[in-house]
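Asker: coordinates only, sequence not included:
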C-alpha cells in the first residue's frame, strides 16, 4: 500500500499514511460527528475545498498541503460512513 500511495516510493507512501492518520485523529477528536448526513458531509467537504482554493491562490505550499489533507480527511470520513454518528460507535 505504501508503494502505491507513494507513487513508487515506500518512503513517500509512509509519509502520506502517517500524515493522513495524524490529521484523521485530530479531526475525529475535534469533530466526533463531522456531519449530520450525506448532504451535510458534502457541505463540509465543499468548505474544505474552498479553503484549499484560497490556499492555492494566496498561501504557501505548506498551507496548500495542509488544506489538501483536510479535503482528503473529510472525503474519507464520508467514505467511512462517519456522518451522523460519533466515531467509535
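Answerer: Yes, it's here. On a predicted model such as this, the values are computed, not experimentally measured, just so you know. Numbering: from 1, shown residues only.
Asker: Check which helix or strand the most centrally placed residue in the chain maps to.
Answerer: Most central in the chain under Cα atoms, centre = their mean is residue 73, positioned 1.7 Å from the mean C-alpha point. In this assignment (DSSP states H and E), residue 73 forms part of helix 61-79.
Asker: Give me the contacts around that helix.
Answerer: Residues from elsewhere that reach helix 61-79 (Cβ atoms under 8 Å, 6 or more residues apart in numbering): 19-20, 23-24, 27-28, 34-35, 38, 41-42, 44-45, 48-49, 51-52, 54-56, 83. Where C-beta positions appear, they are placed from N, C-alpha and C, glycine not excepted.
Asker: Give me the buried subset of the residues you listed.
Answerer: Buried members of the contacts of helix 61-79, counted by 16 or more other Cβ atoms under 10 Å: 23-24, 27-28, 34-35, 41, 44-45, 48-49, 51-52, 55, 83.
Asker: circling back: if I look at the residue nearest to the centre of the chain, how far off is residue 79?
Answerer: Distance, residue 73 to residue 79, using Cβ to Cβ, to the nearest Å: 10 Å.
Asker: Is residue 47 part of a helix or strand, or is it coil?
Answerer: Following DSSP: H, G, I helix; E, B strand; the rest coil, we place residue 47 in the helix state.
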